[in-house]
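Student: below: sequence and its predicted model.
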Amino acid sequence: MIAISRRNMPAFGAPSLDGLKAALGSPMLQAVGAAALFAACAAAVVMLLGPASGRPIRIHLTSVFAQAPEGWREGLPKSSMTWQAEDVLHLSDGPAAEPGPQAASAEAVPAGGALPQAPIAGFFAPGPGGPLPIIAQDGRTPFDAYARPFTSNGRPKVALLIGGLGLNARATQAAIQTLPPQITLSFVPYAEGLQGWIDMARAHGHEVLLETPMEPLDYPDNDPGPYTLMADGAGPETAKKLDWILSRASGYFALTNYLGSRFLSDDKAYESFLGAVRGRGLGFIDDGAAGRRTGGGVPRASAERVIDEQLSQGAIDGQLLKLEASALEHGQALGAGFAYPVTLDKVAHWAQTVEQRGYQLAPASALAVKK
C-alpha cells in the first residue's frame, strides 16, 4: 500500500552538486536506491497534477521504505527533500471501487437535520428478496417511523413531491442536495444502489416514497417494467410483485404510483393494493391519478397538480403560484413534479422564499390523512 497526498508530500528543491556527490558515496543509498527511485517517479506524477491550493507537494511512502535500514533519511541529500509525517490519502494496488451514492453524502446536511438511518429495528422483517416493512409490536407503523417530523405553525401548508429519482445519478444528487429537506423525494424501485440513495436522502432530511409501477391505459405501449401491477392480475401474482418492490430498500414511509391510470380505476385491483399497503403500515400518496379514491384506513394524500406537465420555466412558476393560491384557500396543497433539471432549479428557488410569503413548507406526509 502506498499513501500519497497532494497536500502532504515532501517539498522538492534543486539538489546541489556537492549534495549529490555525498549521497552517491553513501552506502545507505544502495539499500534504498530502488525505493528512492520509486519515490521520485511517484512524486513526478503528483507534480504533474499540480499542487492543491498553491501549497508545496509532499509525498509519504510508508511501505516502500518499510525495510530500509535506520538512518536512510539522513543518507539523502538535505537540500533535495524535506520529509514530514502528516495525514495522507491511501492508494491501493487494486482497482478503485466505483463511487456509490453515499460517496456524495459527505456534504453538510441541510437545516432540519438527518432522519434516522433505515431500517429501524422493529419495523422490518426478512422477506424473500430483502427486508419488508411491518407494523411494530407496539402498534407504531413504518409511516410513523420514517415520515419526516412536522409541527404546524398555523400557516397554509404547501408540500411538493419530486419523483423519478435513482436512475439518473446527477439528477438524484441534485434533488437530494439542493432541495430543502421539507421536499419529499420519490424513488424508482428499479434503480441500482437504491438503498444508498435513500440513505443519502434521509441523511439530508428528506422523507422518501417508493414508486410502485402500475398498469396505464395505454399498456403495453407504455410499459412501466416487469413488476407492473396489472389491473386484472391474479392475487398471488400481484402480491409477489408488490413484495419484490417493497423489499428493494427500506426507509420509505409510503408508496406512490408510477403511471397506473388503468390499475387505479379498477375497484378490485385498487382495494387489493390498498389492503396490502394497510397491512404493512404504509401510506399511499398519488400524483393525482387516484385523487377521487378514499384511503380505506391508509394515510392518503393526492397531488392536486403536476407542476411540470409543461417543461418551461414560466409554466412551472405559474403552477407553483396556483399551488400557493390553493393552499391559501384550503389550508394546504400538494403538488408533484419530476426530477427534470428545470423543475429542480425552479423548485429550489421557489422554496427559498415561499415561507416569506406567509406559507409553511411541509413534507407530503403532513398532508396525509386516513379517510
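Tutor: That came through fine. Residues are numbered from 1 along each chain as shown.
Student: tell me the spacing between residue 253 and residue 334.
Tutor: When distance is defined by C-beta to C-beta, to the nearest Å, residue 253 is 15 Å away from residue 334. For every residue, glycine as well, the C-beta is placed using N, CA and C.
Student: I misspoke; the intended subject was residue 120.
Tutor: 25 Å.
Student: likewise for residue 146?
Tutor: According to C-beta to C-beta, residue 146 and residue 334 sit 18 Å apart.
Student: do residue 317 as well
Tutor: 18 Å.
Student: who has more neighbours out of the two?
Tutor: Counted by other C-beta atoms under 10 Å, residue 317 and residue 334 do not tie: residue 334 has more neighbours, with 27 against 14.
Student: show me the contacts for the more buried one.
Tutor: When contacts are counted by C-beta atoms under 8 Å, 6 or more residues apart in numbering, residue 334 is found next to 159, 160, 161, 285, 301, 302, 303, 304, 364, 367.
Student: the host helix or strand of the fifth one: what's the following helix or strand?
Tutor: Taking DSSP states H and E as the definition, one finds residue 301 inside strand 299-302. Reading on from strand 299-302 to the C-terminus, the next helix or strand found by DSSP H and E is strand 305-306.
Student: remind me what that next one packs against, helices and strands.
Tutor: In terms of contacts (3 or more C-beta pairs under 8 Å, 6 or more residues apart in numbering; DSSP states H and E), strand 305-306 is packed against helix 313-330, strand 332-338.
Student: which residues are contacting the longest one?
Tutor: Looking back up the chat, that one is helix 313-330. Under the criterion C-beta under 8 Å, 6+ apart, residues 156-158, 160, 304-310, 333, 335, 337, 342-343, 346-347, 350, 354, 357, 359 lie in contact with helix 313-330.
Student: tell me the angle of it relative to strand 332-338?
Tutor: For helix 313-330 against strand 332-338, the angle by axes from the mean of the first three to the mean of the last three C-alpha atoms, to 10 degrees is 160 degrees.
Student: dump helix 313-330 to PDB, restricted to CA.
Tutor: Written as PDB, here are the backbone C-alpha positions of helix 313-330 (Å, rounded to 0.1, in the frame of the first residue of the first chain):
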ATOM      1  CA  GLN A 313     -39.800  28.000 -16.600                       C
ATOM      2  CA  GLY A 314     -42.800  30.200 -16.900                       C
ATOM      3  CA  ALA A 315     -45.300  27.300 -16.800                       C
ATOM      4  CA  ILE A 316     -43.700  25.800 -13.700                       C
ATOM      5  CA  ASP A 317     -43.700  29.200 -12.000                       C
ATOM      6  CA  GLY A 318     -47.400  29.500 -12.800                       C
ATOM      7  CA  GLN A 319     -48.200  26.100 -11.400                       C
ATOM      8  CA  LEU A 320     -46.300  26.900  -8.200                       C
ATOM      9  CA  LEU A 321     -48.300  30.100  -7.800                       C
ATOM     10  CA  LYS A 322     -51.500  28.200  -8.300                       C
ATOM     11  CA  LEU A 323     -50.400  25.800  -5.600                       C
ATOM     12  CA  GLU A 324     -49.900  28.700  -3.200                       C
ATOM     13  CA  ALA A 325     -53.300  30.000  -4.100                       C
ATOM     14  CA  SER A 326     -54.900  26.600  -3.400                       C
ATOM     15  CA  ALA A 327     -53.100  26.400   0.000                       C
ATOM     16  CA  LEU A 328     -54.400  29.800   0.900                       C
ATOM     17  CA  GLU A 329     -57.900  28.800   0.000                       C
ATOM     18  CA  HIS A 330     -58.000  25.300   1.500                       C
END
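Student: ok, the residue nearest to residue 371 when sequence neighbours are not counted - how many residues close by?
Tutor: Excluding the flanking residues, the one nearest residue 371 by C-beta to C-beta, 6 or more residues apart in numbering is residue 295, at 4.6 Å. When neighbours are defined as other C-beta under 10 Å, residue 295 has 19 of them.
Student: report the separation between residue 295 and residue 114.
Tutor: In this view, residue 295 and residue 114 are 29 Å apart by C-beta to C-beta.
Student: next: residue 240.
Tutor: Where residue 114 is concerned, residue 240 sits at a distance of 34 Å (C-beta to C-beta).
Student: do residue 150 as well
Tutor: Distance from residue 150 to residue 114, counting by C-beta to C-beta: 16 Å.
Student: same thing with residue 228?
Tutor: Residue 228 sits 34 Å away from residue 114, taking C-beta to C-beta as the criterion.
Student: comparing the two, which shows the higher neighbour count?
Tutor: Set residue 228 next to residue 114 and count neighbours by other C-beta under 10 Å: residue 228 wins out with 22 against 15.
Student: contacts only, for the nearest residue to the more buried one once chain neighbours are set aside.
Tutor: With sequence-adjacent residues excluded and distances taken as C-beta to C-beta, 6+ apart, residue 228 is closest to residue 213, at 4.4 Å. Residues in contact with residue 213, defined by C-beta under 8 Å, 6+ apart, are 189, 224, 225, 227, 228, 229, 245, 258, 259, 260.
Student: does residue 213 belong to a helix, a strand or coil?
Tutor: Three-state assignment for residue 213 (DSSP: H, G, I helix; E, B strand; the rest coil): strand.
Student: what's the burial count for residue 309?
Tutor: Look at residue 309: counted by other C-beta under 10 Å, it has 12 neighbours.
Student: residues contacting it?
Tutor: Here residue 309 is in contact with 315, 319 (C-beta under 8 Å, 6+ apart).
Student: so where's the protein shaky on pLDDT?
Tutor: Within the chain, the segments meeting pLDDT under 70 span 1-112.
Student: how about a cut-off of 80?
Tutor: Along the chain, segments meeting pLDDT under 80 span 1-112, 128, 295, 371.
Student: quick one, helices of it?
Tutor: 17-24, 28-49, 142-146, 169-178, 194-203, 235-246, 267-279, 313-330, 341-353 (DSSP state H).
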